[in-house]
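Q: Give me the fold of what follows.
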Amino acid sequence: MTFTDYLLDGILIALVLLQIRGRRISVHTLLPPIGIVAFAAVDYLHGVPTTGNNLVLVVAGALTGLALGIGCGLATAVFRNSAGAAIAKAGPVAAVQWLAGVSARLAFSEYGSHGGQAAIVRFSAAHHITSAEAWVACLVFMALAEVLSRTAVIAIKFAALGGERPTATRQTRPQRAIMDFRGRWS
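A: The predicted structure follows:
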């Protein structure tokens, strides 16, 4: 694994750990995880082999990521704070599911890079996985599905709140003074 691999995994972990405390959410805060996995997909994914059980492996990885991402999104509370700002707060279940996905990919990569290659080759042969590229595609699609499904669930919750709206903290004192009781400018 390269420094970039560790950096990307570290950023993905940090993004959820930041949400344990509660983090302001907006359209712009939903985009970085998608950008990270899109970068990884472009960098690592050079095709999806479909011979043997390669496609089964890739679909299994994607479904695992989908389940983890949906679970993580459902276990993340999205609410408005007293100032009206939308906040995403990941609960312990969300953090565990997110860390499980990132850690599983990281552990598999480390295992394959440090002595586990023979075992992976034996497993692949026994299960008719005919390409190392299938393992790469499995892990990439797992990450894509996890991030996209988590982001989609949180975006749906965010949209149900009414999306972004100005908060009282963004307004100056004179602006508040000239707003009527319905929150419109007079």
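Q: So which bits of stretch 28-45 are buried?
A: Residues 29-30, 33, 36-37, 40 are the ones in stretch 28-45 that count as buried (16 or more other Cβ atoms under 10 Å). Where C-beta positions appear, they are placed from N, C-alpha and C, glycine not excepted.
Q: Quick test: name the residue nearest the centre of this structure.
A: V147 (2.6 Å; Cα atoms, centre = their mean).
Q: quick one: what helix or strand has that residue in it?
A: Using DSSP states H and E, V147 maps to helix 132-160.
Q: Which secondary structure elements does that helix sit against?
A: On a contact count with 3 or more Cβ pairs under 8 Å, 6 or more residues apart in numbering; DSSP states H and E, helix 132-160 meets helix 27-44, helix 54-74, strand 76-80, strand 86-90, helix 92-113, helix 117-126.
Q: quick one: it to helix 117-126, angle?
A: 90 degrees (axes from the mean of the first three to the mean of the last three Cα atoms, to 10 degrees).
Q: got the contact list for the closest residue to P33 other than its chain neighbours?
A: The shortest distance from P33 to any non-neighbouring residue, by Cβ to Cβ, 6 or more residues apart in numbering, is to V147 (4.8 Å). Neighbour list for V147: 12, 33-34, 36-37, 65, 69 [criterion: Cβ atoms under 8 Å, 6 or more residues apart in numbering].
Q: G112: which of those is nearest?
A: G112 lies nearest to G65 out of the contacts of V147, by Cβ to Cβ, at 18.3 Å.
Q: What about the closest one, how many residues nearby?
A: A total of 27 residues lie near G65 under the criterion other Cβ atoms under 10 Å.
Q: Same question for the one 4 residues further on.
A: The burial count assigned to G69 is 26, neighbours taken as other Cβ under 10 Å.
Q: Looks like S26 contacts A86 (just checking).
A: Yes. Assessed by Cβ atoms under 8 Å, S26 is found in contact with A86 at 7.0 Å.
Q: Return the item of the contacts of V147 having minimum pLDDT.
A: pLDDT across those is lowest for L12, at 75.
Q: contacting residues around that one?
A: By Cβ under 8 Å, 6+ apart, the contact set of L12 is 33, 36-37, 98, 102, 143, 147.
Q: at 7 Å what do you get?
A: By Cβ atoms under 7 Å, 6 or more residues apart in numbering, L12 lies in contact with 33, 36, 102.
Q: and which of these is nearest to K157?
A: P33 (15.5 Å).
Q: Any regions of this protein where pLDDT drops low?
A: Along the chain, segments meeting pLDDT under 70 span 1, 164-186.
Q: which residues touch the closest residue to V59 other than its chain neighbours?
A: Nearest residue to V59 in three dimensions, chain neighbours excluded: F141, at 8.0 Å (Cβ to Cβ, 6+ apart). Counting by Cβ under 7 Å, 6+ apart, F141 touches 58, 61-62, 65.
Q: Kind regards, and thank you for your time.
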